[in-house]
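# Quick one, fold the following:
(4 chains)
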Protein chains: 4
Amino acid sequence: MASPEQLNRYSLLDDQSGGAHPALLKALVAANTTQETSYGKDRYSESARQRIRRHLGRDDVGIFFVPTGTAANAISIAACLRPHEAVISATSGHIIARETGAIELSGHKIIHVAPQNGKVTPKAIQQAIDDHWHFPHMAKPRLVYISNATEIGTVYTKEELTAIKQICQDKGLLLFMDGARIGKALMSKASDLTLQDILELTDIFWIGGTKNGALLGEAVVVKDPSIASEFEFYIKQHGSLIANGRVIGSQFAELFRENLYFDLSLKANLFAETLSAGISEAGFTVLATTETNSVFTVLPWDVIKRLQEHFVFYIWENRGETEAVVRFLTTWATDATQLDRLVRLLNSSS
Amino acid sequence: MASPEQLNRYSLLDDQSGGAHPALLKALVAANTTQETSYGKDRYSESARQRIRRHLGRDDVGIFFVPTGTAANAISIAACLRPHEAVISATSGHIIARETGAIELSGHKIIHVAPQNGKVTPKAIQQAIDDHWHFPHMAKPRLVYISNATEIGTVYTKEELTAIKQICQDKGLLLFMDGARIGKALMSKASDLTLQDILELTDIFWIGGTKNGALLGEAVVVKDPSIASEFEFYIKQHGSLIANGRVIGSQFAELFRENLYFDLSLKANLFAETLSAGISEAGFTVLATTETNSVFTVLPWDVIKRLQEHFVFYIWENRGETEAVVRFLTTWATDATQLDRLVRLLNSSS
Amino acid sequence: MASPEQLNRYSLLDDQSGGAHPALLKALVAANTTQETSYGKDRYSESARQRIRRHLGRDDVGIFFVPTGTAANAISIAACLRPHEAVISATSGHIIARETGAIELSGHKIIHVAPQNGKVTPKAIQQAIDDHWHFPHMAKPRLVYISNATEIGTVYTKEELTAIKQICQDKGLLLFMDGARIGKALMSKASDLTLQDILELTDIFWIGGTKNGALLGEAVVVKDPSIASEFEFYIKQHGSLIANGRVIGSQFAELFRENLYFDLSLKANLFAETLSAGISEAGFTVLATTETNSVFTVLPWDVIKRLQEHFVFYIWENRGETEAVVRFLTTWATDATQLDRLVRLLNSSS
Amino acid sequence: MASPEQLNRYSLLDDQSGGAHPALLKALVAANTTQETSYGKDRYSESARQRIRRHLGRDDVGIFFVPTGTAANAISIAACLRPHEAVISATSGHIIARETGAIELSGHKIIHVAPQNGKVTPKAIQQAIDDHWHFPHMAKPRLVYISNATEIGTVYTKEELTAIKQICQDKGLLLFMDGARIGKALMSKASDLTLQDILELTDIFWIGGTKNGALLGEAVVVKDPSIASEFEFYIKQHGSLIANGRVIGSQFAELFRENLYFDLSLKANLFAETLSAGISEAGFTVLATTETNSVFTVLPWDVIKRLQEHFVFYIWENRGETEAVVRFLTTWATDATQLDRLVRLLNSSS
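This is a model prediction of the structure:
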């Protein structure tokens, strides 16, 4: 923590404040000894692509590395849409709620739909289409944006994703998945999806490194060859083409060498499950089932204040003078003893 | 090199294909052991800022880290201009020649002026102003973009930069310096500028890490407090706000702990000087004086082809069937024995 | 109507399908006999500006003519905002609902708030501010967009507008009013606002000609001299600077020579009032009080179908198989006998 | 003229300061008596489209009306390009020189090429392609923008246009013609092109009304059905969809009812020819052959100053203290006696 008063507090605030996984750093250092072609054409990025394709079970998809999730979203959407075409998103979607207008900066309208348990539904998509009938006075819906896991940690089932894919196909919409926490989604007990399913059921999606053990970087997977062949133009134009590509490539090569990517996600999920159980047992309400690595709970303000002496976490929703919803986020790097300490504090507060 | 046939060739193609400097990797690994606040508020980024400010001799400037040079340019320009305001650049400028329309993507017009020895001149600025008199039919010149070192490796003298600053002030223009190779510029024998001079004489500039030993990253220095206070909005909106800020911060902290940043640049320049001398002695024409780390030379195509069996370099300008201008780029990581080998090949070809 | 089957139907669909007011055409023809300076510097535009300023009671405001309402909105918003700054609008607002992403095309995010009776409330503005606390991950609220009359024909009272102005001032927001139907708003029985009040209480607003008797054109009123002095740049850049400015100027000069602008609006309102009463008396539900020139009523589908044989109007909201909400719009040009005929048809249907 | 001192001076400054042709005003007034469908679906616009199609000799092209030339350019280019694709233009092109960055506002880069006699050449196009080889660091050339007549009044021959079309086809480029003065080009003695040729040899072009007798308006002709079907989205998004479409439609219906459009252009050209001859006979240098309605001549400053007491015209290029290049523009509305007076003044000055 930058501020002195935070120095002795343990953070359960976000996915990345604990640093990168040591195996990735080791891979990065090992990758530093050779001369490599720049701009993503290095051998490490190429190896990472091959390994991700092996996990995807398909050789013919474009895979592109970008430094941030916002870049992955903005670039993917720009590559899919014409200026008058709009993207449909839940109001809780990252592109509406946390990206400072990055999508609009590229000129695109976002059509807002109400989420259900954090998710976009076929019914909401149909409504968005119905509401945008008035040619040419309304932007044309053309792309559906979903996050998996969602911004509140829920996951799509295969049935849900298939239903969304179905309406997209019927209505001429493309489907785009923000995979900032795709590993946690796939490793969730609530999920019956595989990475291959996601490739099959979406048109474009990305695999998040930033929130899953990497120093930085996301891998965008593009199925349509006509979009893939021009995708690097978009990356460059958005200022996201890393000169020394191995900085991301070597990390993804390690994440997908075997199963590290998914192991790290599973670990984060299990910590959340443990914490969720501990909070319930301490007598506090956990909101919804904990499906991935976030635990939402309702706590009285005095308890929150006591916890804040020892922990950093997110005040998700202020519910007035007596209580608030807080979010605890666990990661592969979470210290189990800190979770115990948190639960002990809650037990002594209830 | 990614392609098999390149595996045994030594690259003098660009500034970054040799990887990062070991001291930076070491600093990065060392920075990985703590929990840190995200989005550039970590202690390593803060330390980097303090150290850069110490080199700048001023405490009151904003310093912001972004992943690429194109991002540094696009974000800085977006932060300085209103939509109808234009940036003046030499036609050889990176924002015109090598950024896939990143500036235009943000909606800004670039006014083209002819470079003189790679540089923008006060006369060219005056001409651009004179040519854009027709309110409101012409975009309003508001910012001058210069690169130091320039895209062809030349550097601005203090007199030149002062003259540019003067006309900018007189005409209500801001001055922006692309510092992708600012270290090489400052370490050039042809330069009498200091980093403090540059701070004094420009409104906004950046210090390039990508091309000077870092894995990635550039540090944008912003003097105007009203621009600095909103600058992170722009970074985020452009998809360039790195979540785990220490990935860049720790490297800049090391680069500016003492003088590593400048030492690396000096090394690159000296290699170029050596190479330049060798080429001349071998009887080939070196174009202009080698001021930084690029050496431009005119070679017959048969010599070029022979060199290409052993080296990778840039065909800068095709001059028809008999000869071409090629560019050799040296870096802090250049292997001196490879330069010897190159010169020997030239000697045996002349 | 373009389609043959519509030829014998009377339109109550929109504000402009009846053509321009004869006095404006006469003024336009009269203005055609001289040579005039182009691009809005003609004597007719200048006279229109003087006359509007007289109605406004202030000499020191910029007045600019643009061809369409969408241009007026997009240009005004672009002139007020920096790229990372957002505009707050009711979800029913024209800029969200009917402009094909014109605001986003200029790079700006629109923050959606729920309307209350078609209007933006201080509470909704406060909520939007509260929700956008997360620097720099969220666009910065900077401008509030309201329409008066609103898109459903309601009007702001002086108390309501004053309260909005107050929160805007307190929170550093600018206030922008879309005046496509500002005449109807000011002539509404529900309104206690004057044109001077609107000038006083907003930062920028426009006076719609297109929907109030003109062939085309809107007059944007800009108070801030620093925005006004550059406003023509924006108009030109958006492709909205009419070369032969008198085409709009001569019409506005006539509209504001005396009180024609307001007389036309009043006429439209009175027709709506008459129609609204007739519909109620025929036993059908009029939704909300008719405040300006639109009448919303709930009709069974069989009645709608019978009406459609003789009239063109807007199916505002499909309420399933039995009924729908329809909108009738009256204008200064509405034929009173057609309203009688409509009411007779309704009486014979009830 | 707006300024008092200009009141007694005759303008040879631009194409539109003389007002609209009376026949168009008459058509416009006649069109005002009916109710019409809005947004370009009125019977007058439809009739104008049919008549233009008859002149074009093809039924299957999209024709769209927009209020200004800058809108026609910006919308057409936005409809043709993806964000990373660039348009090639002569540096003298209107989109570079006189549109305040309207193309860049939509996010597109313009590649500058040197004009030859005001025109783009196949060689210049080839050079632009050759210079933009560096994927993905350079925007991708995709569209060639030409003006006919050019900004300096020259015209393309059929051979020239065919050669441009050829290289465009070979290289996968689209060809777009700005037809602000297309009538004058077609009526030029130097032209062997027909309107049908232009349709055949370009992908998209527009027919300018603003500079040829209309109050306002340009007609964009779109051949590609996939662009045409979405074109109104672009018009609306750019704020250029006129609600009361007949304001432009009725004028174009009259311009193309028979041959008025071309008659007006021919008249303008003939006046220029007369003036050009008069200037030569008076002993002053006319620059290049006068091909359309602009006459460029070199005059001493004292002569210019004397002329300025009686005429308004364009100082095209300041050539220092002794002389300047001035431009006289004639139109269908030019008063022949004023041209006589101008020549007499020149004769008395030489």
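
# wait, A:T331 sits on A:G18?
Yes - with contact defined as Cβ atoms under 8 Å, A:T331 counts as touching A:G18 (5.7 Å). Where you see a C-beta, it was placed from the backbone N, CA and C, and this is true even at glycine.

# so who does A:I129 touch?
In this structure, A:I129 makes contact with A:P141, A:K171, judged by Cβ atoms under 8 Å, 6 or more residues apart in numbering or on different chains.

# Looking at A:T331 and A:G18 now, which is surrounded by more residues?
More neighbours sit around A:T331 than around the other of A:T331 and A:G18, counting by other Cβ atoms under 10 Å in any protein chain shown; the figures are 25 against 20.

# in which helix or strand would I find the closest residue to the more buried one other than its chain neighbours?
Excluding its sequence neighbours, the residue lying closest to A:T331 (Cβ to Cβ, 6 or more residues apart in numbering or on different chains) is A:A268, at 4.8 Å. Taking DSSP states H and E as the definition, A:A268 sits inside helix A:260-281.

# Quick one: list the elements packing against the helix or strand following that helix.
Past helix A:260-281, heading to the C-terminal end, the next element that is a helix or strand (DSSP H and E) is strand A:285-286. Contacting strand A:285-286 under the criterion 3 or more Cβ pairs under 8 Å, 6 or more residues apart in numbering or on different chains; DSSP states H and E are the following elements: helix A:260-281, strand A:294-300.

# buried set for the longest one?
Same thing as helix A:260-281. Across helix A:260-281, burial judged by 16 or more other Cβ atoms under 10 Å in any protein chain shown covers A:260-276, A:278-279.

# per-residue pLDDT, A:L215?
The per-residue pLDDT reported for A:L215 equals 97.

# so where's chain A uncertain?
Low-confidence regions of chain A, defined here as pLDDT under 70, cover residues A:1-7.

# For it, which residues are neighbours of chain D?
Counting by Cβ under 8 Å from any Cβ of the partner chain, the residues of chain A close to chain D are A:39, A:78, A:82-84, A:106-107, A:135-137, A:139-140, A:230, A:232-237, A:241.

# And those residues, which of them are buried?
The neighbour-count test (16+ other Cβ under 10 Å) marks A:39, A:78, A:82-84, A:106-107, A:136-137, A:139-140, A:230, A:232-237, A:241 as buried among these.

# So which of the residues of chain A next to chain D are in strands?
Among these, the ones falling in strands (DSSP state E) are A:K140.

# So for chain A, the centremost residue is which one?
Compute the mean C-alpha point of chain A, and by Cα atoms, centre = their mean the closest residue is A:A180, 1.8 Å away.

# residues near the closest residue to it other than its chain neighbours, how many?
Distance criterion Cβ to Cβ, 6+ apart; nearest residue to A:A180, sequence neighbours excluded, is A:G208 at 4.0 Å. By other Cβ under 10 Å, the residues close to A:G208 number 25.

# for the one 3 residues further on, same thing?
Burial measure for A:K211: 26 neighbouring residues, criterion other Cβ under 10 Å.

# give the contact list for it.
A:K211 makes contact with A:D14, A:D15, A:Q16, A:G69, A:A180, A:R181, A:T331, B:A243, according to Cβ under 8 Å, 6+ apart.

# Which pair of those residues spans the longest distance?
Taking Cβ to Cβ as the measure, these reach their widest spread between A:G69 and A:T331, a distance of 15.4 Å.

# can I get the CA coordinates of stretch A:41-60 in CSV?
Once side chains and other backbone atoms are set aside, the C-alpha atoms of stretch A:41-60 remain, and they are given as CSV (Å, rounded to 0.1, in the frame of the first residue of the first chain):
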residue,chain,number,x,y,z
LYS,A,41,6.5,-11.8,-33.2
ASP,A,42,8.9,-13.2,-30.6
ARG,A,43,9.3,-16.9,-30.0
TYR,A,44,7.7,-16.6,-26.5
SER,A,45,4.5,-15.0,-27.7
GLU,A,46,4.4,-17.6,-30.5
SER,A,47,4.8,-20.4,-28.0
ALA,A,48,2.1,-18.9,-25.8
ARG,A,49,-0.2,-18.8,-28.8
GLN,A,50,0.4,-22.4,-29.6
ARG,A,51,-0.2,-23.5,-26.1
ILE,A,52,-3.4,-21.5,-25.8
ARG,A,53,-4.6,-23.0,-29.1
ARG,A,54,-3.8,-26.4,-27.7
HIS,A,55,-6.0,-25.7,-24.7
LEU,A,56,-8.7,-24.3,-27.1
GLY,A,57,-8.5,-27.4,-29.3
ARG,A,58,-8.3,-25.3,-32.5
ASP,A,59,-5.3,-24.2,-34.6
ASP,A,60,-7.0,-21.6,-36.7
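
# How far does it sit from its chain's centre?
Between the mean C-alpha point of stretch A:41-60 and the mean C-alpha point of its chain there is a distance of 20 Å (Cα atoms, centre = their mean, to the nearest Å).

# can you list the helices and strands packed on strand A:285-286 in CSV and add distance to B:L24?
Below are the helices and strands packed on strand A:285-286 laid out as CSV (distance: least, Cβ to Cβ, whole Å):
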stretch, distance to B:L24
helix A:260-281, 24
strand A:294-300, 34
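
# nearest spatial neighbour of the residue of the stretch 251-350 of chain A found nearest chain D, skipping sequence neighbours?
Nearest to chain D, among the residues of the stretch 251-350 of chain A, is A:F252, at 19.8 Å (Cβ to the nearest Cβ). Sequence neighbours aside, A:A48 is the residue nearest to A:F252 in space, at 3.7 Å (criterion: Cβ to Cβ, 6+ apart).

# in a strand, that's where A:D14 is, yeah?
No - when DSSP: H, G, I helix; E, B strand; the rest coil is applied, A:D14 is found to be coil, with no strand at that position.

# ok, now which ones touch it?
Here A:D14 is in contact with A:K211, A:Y314, A:L329, B:S38, B:A243 (criterion: Cβ under 8 Å, 6+ apart).
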